[in-house]
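Peer 1: only geometry, no sequence info:
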């Protein structure tokens, strides 16, 4: 209508596209050959070489062959520009196999780059060497991988792990042991990023070499939550396979529940009888789980293709129990406990595949009473994309078939959405039919009534089939279902097409099939229903439905008193309509005629014989060869009945004929339903479970207890400690040079820049500084303060005998359960707040601005944080009118930060609040001044943007939040701490390991001081110097020796400023007094994101040496 507006819009669109491409390399794809590339490659300017290489890669992306430039590109590998090197490496990876001789010329440069100070260059060189698939350089590439596997940079080690599968694909049998050894080295790495890549290499290279896993199993479990998501999937599968291979399946798990089951559905464990009904709210224990199916599933998870084929030859038998030697008990197996504990938090991962992998591990190994924890995470995944939803439903179906009561209370989650794909709808229908019980069936049937009216008639037909399955499972609803199905048959009688089973005809067929299923439960009680179906034959025109009803005529021809009297009339009708029937209906008429004739009464025999003879004559001349063949077969089979004088027939022959007819034609029709059961199951989360056959690369679980682990293969504790310590130092070194490190996925912005410091509120500390056991009145568990004693003194105090060296582990655990309370005194004077630079003198014309977070409470609002700002004039001239102001949010807030703030929804408004400071009128040379500001942050990771004014200038600066000071101390007793901690399990509990070495230097400076006390002081001082917390208690196991501090536990409590949500911190110590200690920091908090970031913050500053 308004053409000028259309043309204007098109012009604006083109102009916008052109503007968006400015400053990018998109123009290279428009016309990459618009310049002469060869001269640019030989140019002495790096920018021109880079331009030429980008054009070559653009041509490669568009499918052009540019291998003729190979010699000119190869010589640029010696360039000093990292950008040029990267582009050359990409080109070489693409054409190295075509030009192997020229590629070999660059090997020396690759080896040289492996020693480059830049870790990115080292990683690029290694990736290129491993990607050149030439056997002649494979030994050199393997040596390079071995060197990079021990590189101090995390990213280089990760590239080494990614290179191993490429070398393995070259089939270097003579180097296989060396490759396996490198996999083991990388699996023992301290970096989560490296471990994830190493897990992928282990899966593709040596998935059954469990000796490599056994050496660092516990460390892999502990680092699992920090590994990248796709690495977590592979690592969970690897750890699961290791546990099964070494320890076998868990006796208390669902997989072996049927072997400890008695007739009443109870399981005996440790002398206690446990109810196997997985959902206590459901009173129907018959559906708690299917013992036979569970046994079949557990066998399928472990057996290979050959075993499955041998078992499929005997489908009625399921291999019964596992040998008791192939099972283990979770109460005595620490490896299984650790695996379940480390995979449990991953049930709430953002990645659907990680959730499915963790659920699979819990499904196979978790105790029977703990399996239900996988239900809600799996149901949450049903809110994801259609593809993910379908995969999750395929796995949930297997779980529901084995244990319907797991999902029975959540039946509403499987109700159909209008946006669901057909495959998802079909799976949800099957789920509803599996988990329906007496309490939920009424709601489910009401849903089914709506589904039957759906315009998608194929879905409506599946719904009718699901109704039949529900009626078959539950004995209380067949009558109700029958009434509805008969009404549906009457409604759909004339709606179907004779040639279609996908439209309304499919609904009618499924209705008849469902009625047949219900009738089979008790045919005698449903005689009138059968008669009603006989009478509806004249109105039903769908061939498949007519065939089913005619089949029922033959099956129930001798049922009751009414049906035998109707046989003559019904048979006449069938003979009359034979010519106009479809082939499948004609076949059923022939079969039914044979059955009716054999079971006919004496009075009706002659009439029925004449009808059958007539039908057989029609069949002999039918156009379908199937009908003709069936007719000839029946005519020969019934020859004894069709003889002119039936009295002359031999009785034995009649009996033989009757048995043959029953066995040949008395079988049930194959159900026309997509809900057919499967007798082959695959591991949860695998592709094979979706496609229902063994996909390439599928590996079942190893045979239980097939791997014998030798203790001398395991690293000693001291070796592990030294390795962890060295790893942490290496991580610090590499994180300074490479951004792509393998740190935890929760690091976010808490790992950037300098470390944060804090002040300690002296009001929370006692004034008794002369006490050798530092006294803090708020920390004590009770009013009685006990001194730290030696082990022998503590044993006498507790009236216990000293433990012997050969004491069993269980006894040691009992001793370690006894703790001595350590009282800590005044350390407030030793806290040294750490300052951070807000403006350096170089950028501020001699003005230096530092800031320090304080533990003081704000007088304005509990949401504000107090910050002390120090202004120093390092210039030779006075600085006037110094002030800090908040920038306008509309000018400084970019869209990314606004999005993050909106998602956080922590504060009441989106604009950060800054309480104005008192302006400094004049700051003389070499003079300093302090000011206190009170700020409220948008988000615990986002910096506050401020404007620093001085001498009429305005300089933008950023004030970064310290997570340790976005909480406030929260006083509580140990009992209150433990009670609150017990209410925050699972996804609200997360931990991380780190090292601590400050106590070593402190003990050297304070000779003669108690070592335990020195360690307690060092850890407490480090924590309180970097965060605003309340120290609840310090406990030490009394069973420790003089040098061992393992088991020392410090508890801190606080509340988040913005939400008043409690946040609990527990630090557990392992190691010896004179060595680097291993700390496990655990946080319990409902604010998961905040807690995870604070956890990483604590782990980072505990590792850092004190200044």
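Peer 2: In hand now; what should we look at? This is a predicted model, so every value here is computed, not measured.
Peer 1: tell me the centre residue of this structure?
Peer 2: The chain has residue 354 as the residue nearest its centroid, 1.7 Å off, counting by Cα atoms, centre = their mean.
Peer 1: just the element for that residue, please.
Peer 2: Using DSSP states H and E, residue 354 sits in helix 352-365.
Peer 1: before we move on, what about residue 993?
Peer 2: Counting by DSSP H and E, residue 993 is found in strand 989-996.
Peer 1: quick one: low-confidence ranges for the stretch 751-900 of the chain?
Peer 2: Within the stretch 751-900 of the chain, the stretches with pLDDT under 70 are 751-818, 825-829, 888-900.
Peer 1: pLDDT of stretch 619-637, averaged?
Peer 2: Per-residue pLDDT over stretch 619-637 has a mean of 90.
Peer 1: what helices and strands are in contact with the helix holding residue 354?
Peer 2: In terms of contacts (3 or more Cβ pairs under 8 Å, 6 or more residues apart in numbering; DSSP states H and E), helix 352-365 is packed against helix 229-247, strand 249-250, helix 334-343, helix 375-381, helix 386-402. Any C-beta I mention is one placed from the backbone N, CA and C, and that applies to glycine too.
Peer 1: of all these, which lies closest to residue 861?
Peer 2: With respect to residue 861, and counting by Cβ to Cβ, the nearest of these is helix 375-381 at 36.0 Å.
Peer 1: picking up where we left off before, now tabulate the helices and strands packed on helix 352-365 in CSV and tack on mean neighbour count, distance to residue 297 and mean pLDDT.
Peer 2: Below are the helices and strands packed on helix 352-365 laid out as CSV (neighbours: other Cβ atoms under 10 Å; distance: least, Cβ to Cβ, whole Å; pLDDT from 0 to 100):
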stretch, mean neighbour count, distance to residue 297, mean pLDDT
helix 229-247, 23, 14, 93
strand 249-250, 24, 12, 90
helix 334-343, 20, 19, 93
helix 375-381, 18, 16, 94
helix 386-402, 20, 5, 92
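Peer 1: I'd like to know which of these is closest to residue 1051.
Peer 2: When the helices and strands packed on helix 352-365 are compared by Cβ to Cβ, helix 334-343 sits nearest residue 1051, at 19.9 Å.
Peer 1: run through who's touching that closest one.
Peer 2: For helix 334-343, contacts defined as Cβ atoms under 8 Å, 6 or more residues apart in numbering pick out 217-218, 221-222, 224-225, 236, 239-240, 243, 246-247, 250, 328, 330, 357-358, 361-362, 365-366, 370.
Peer 1: at 7 Å instead, please
Peer 2: 217-218, 221-222, 224-225, 236, 239, 243, 247, 250, 328, 330, 358, 361-362, 365-366 (Cβ atoms under 7 Å, 6 or more residues apart in numbering).
Peer 1: could I have the PyMOL command that selects the buried members from the residues you listed?
Peer 2: Filtering the contacts of helix 334-343 down to the buried ones (16 or more other Cβ atoms under 10 Å) takes a single PyMOL command:
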select buried, resi 217+221+222+224+225+236+239+243+247+250+328+330+358+361+362+365+366
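Peer 1: relative to residue 834, how far out is residue 964?
Peer 2: Distance, residue 964 to residue 834, by Cβ to Cβ, to the nearest Å: 11 Å.
Peer 1: more neighbours: those two, which one.
Peer 2: Shown here are residue 964 and residue 834; by other Cβ atoms under 10 Å, residue 964 has more neighbours (24 against 20).
Peer 1: wasn't that one part of a helix?
Peer 2: Yes - counting by DSSP: H, G, I helix; E, B strand; the rest coil, residue 964 is part of a helix.
Peer 1: was I right about it contacting residue 1025?
Peer 2: No - the pair residue 964 / residue 1025 is not scored as a contact, 9.1 Å apart, by Cβ atoms under 7 Å.
Peer 1: would you list every one of the helices in the stretch 551-700 of the chain?
Peer 2: 563-576, 583-598, 602-620, 625-637, 651-665, 687-691 (DSSP state H, counting those that start in this stretch).
Peer 1: if we can go back for a sec, figure out which of the helices and strands packed on helix 352-365 is closest to residue 1042.
Peer 2: Across these, closest to residue 1042 is helix 334-343 (Cβ to Cβ), at 26.6 Å.
Peer 1: tilt between the closest one and strand 989-996?
Peer 2: With axes from the mean of the first three to the mean of the last three Cα atoms, to 10 degrees defining the directions, helix 334-343 sits at 110 degrees from strand 989-996.
Peer 1: returning to that earlier point: average pLDDT for the strand holding residue 993, rounded please.
Peer 2: Averaging pLDDT along strand 989-996 yields 86.
Peer 1: ditto for stretch 148-157
Peer 2: 92.
Peer 1: in that stretch, what counts as buried?
Peer 2: In stretch 148-157, the ones that count as buried by 16+ other Cβ under 10 Å are 148-149, 151, 153-157.
Peer 1: just give me the closest of those to residue 864.
Peer 2: residue 154 (38.1 Å).
Peer 1: cool, thanks, signing off.
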